[in-house]
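Colleague: please find the sequence and the predicted model below.
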Amino acid sequence: MKNKFIAVEGNIGSGKTSLSTKLSKDFNSELILEAFAENPFLPKFYENPKKYGFSLELFFMAERYHQLKNKWVEDLFFPSKISDYFFMKSKIFATTNLKSDELLLFNRLFDIMLSSLPHPNLLIYLHANTDRLQENIKKRGRDFELDIKEDYLKSIENSYFDYLKKQSKFPALILDVSDVDFIENHAIYAKIKSLIYKDYDIGLHHISI
C-alpha cells in the first residue's frame with residue numbers, strides 16, 4: 001500500500017473504529033485506536049459541558065499527542081499505519097466545546113503539538129446523517145453517550161466540513177455511509193477498500209459508494 005498513514009475520521013458513531021480495524025487487517029497495517037475510555041472527564045462532560053469541556057479537550061489532546069508520537073517509529077512488521085482519528089480532531093471538537101478564552105489557550109498548545117506530528121497521506125471521512133449516528137450510538141450502548149443531542153452532532157459535523165474544505169495538506173475522501181453497512185455488506189466494504197489504491201489530488205473529494 002502506497003499510503004503509509006491513513007486516518008479514518010467522522011462524527012461520533014460514524015464507524016471510524018470498525019472501518020479502521022477491518023482495513024488494518026487487510027493491509028497488514030499497524031492499527032492506532034483512540035483510547036477514549038481512559039478520559040476520566042468524558043462522562044462528566046456530558047453531564048456538565050461548560051464545567052468540564054476544557055479539562056476534557058486538554059486530556060484528549062495530550063493523550064492523542066503522546067500516542068501518535070510514541071507510535072511514529074519504523075516497524076518492520078507493519079509497513080503502514082491506520083488510525084481511527086487524526087490529531088486535528090482535537091481542534092475540531094474544541095471549537096465546538098470551548099469558550100473563546102479557553103479556545104485561545106487551547107489553540108496555542110495545539111499548534112505547538114501539531115507542528116511535530118505527521119499529516120496523513122490519505123484521510124477517509126465517514127459521513128452519516130444524525131438519525132444514523134444516533135442509531136449507532138444507541139446500538140453500542142455507552143451510557144454517557146445516550147443523550148447526545150442532534151444539534152451537538154450537527155455542530156461537530158459543521159466543524160469537520162469547515163476544516164476539510166479549507167485544508168491543503170492531503171487528499172480527503174468524504175464517503176456518505178448513512179444508508180450503507182460496510183461491516184455486513186462485503187461489496188460496499190470492497191468498494192471502500194479499492195479507493196485506497198487510487199491517486200487523488202490534495203483537497204476534498206466526495207465519493208459515491
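Modeller: That came through, no problem.
Colleague: neighbours of the closest residue to Asp179 other than its chain neighbours, how many?
Modeller: Spatially, and ignoring its direct neighbours in sequence, Asp179 is nearest to Arg132 (7.7 Å; CB to CB, 6 or more residues apart in numbering). All C-beta atoms are positioned from the backbone trio N, CA, C, and that covers glycine. Using other CB atoms under 10 Å, the number of residues around Arg132 comes to 19.
Colleague: does Arg132 really touch Ser178, like I thought?
Modeller: Yes - here Arg132 lies in contact with Ser178, judged by CB atoms under 8 Å, at a distance of 4.9 Å.
Colleague: now Ser24: how far from Ile112?
Modeller: Ser24 sits 29 Å away from Ile112, going by CB to CB, to the nearest Å.
Colleague: and those two? Which one has more around it.
Modeller: Ranked by neighbour count (other CB under 10 Å), Ser24 and Ile112 place Ser24 first, with 22 against 10.
Colleague: any idea which element the closest residue to the more buried one other than its chain neighbours lies in?
Modeller: The shortest distance from Ser24 to any non-neighbouring residue, by CB to CB, 6+ apart, is to Leu31 (3.9 Å). For Leu31, the host element (DSSP states H and E) is strand 30-32.
Colleague: residues in contact with that strand?
Modeller: 20-21, 24, 67-68, 71, 75, 77-78, 80-85 (CB atoms under 8 Å, 6 or more residues apart in numbering).
Colleague: okay, now the sheet partners of it, with direction.
Modeller: strand 81-83 (parallel) (DSSP bridges).
Colleague: what secondary structure does Tyr125 sit in?
Modeller: strand (DSSP: H, G, I helix; E, B strand; the rest coil).
Colleague: beta partners of it?
Modeller: Counting by DSSP bridges, the residues bridging with Tyr125 are Glu9, Ile174.
Colleague: what number of residues lie near it?
Modeller: 26.
Colleague: so who does it touch?
Modeller: Listed by CB under 8 Å, 6+ apart, the contact set of Tyr125 reads Glu9, Gly10, Tyr160, Leu164, Ala172, Leu173, Ile174, Leu175.
Colleague: what sits against the nearest residue to Lys51 once chain neighbours are set aside?
Modeller: Using CB to CB, 6+ apart and skipping residues adjacent in sequence, the residue nearest Lys51 is Lys44, 7.6 Å away. In this structure, Lys44 makes contact with Lys51, Tyr52, Ser55, Leu56, judged by CB under 8 Å, 6+ apart.
Colleague: my read: Ile202 touches Leu123, true?
Modeller: No - with contact defined as CB under 8 Å, Ile202 does not reach Leu123; the gap is 10.8 Å.
Colleague: I am finished for the moment; much appreciated.
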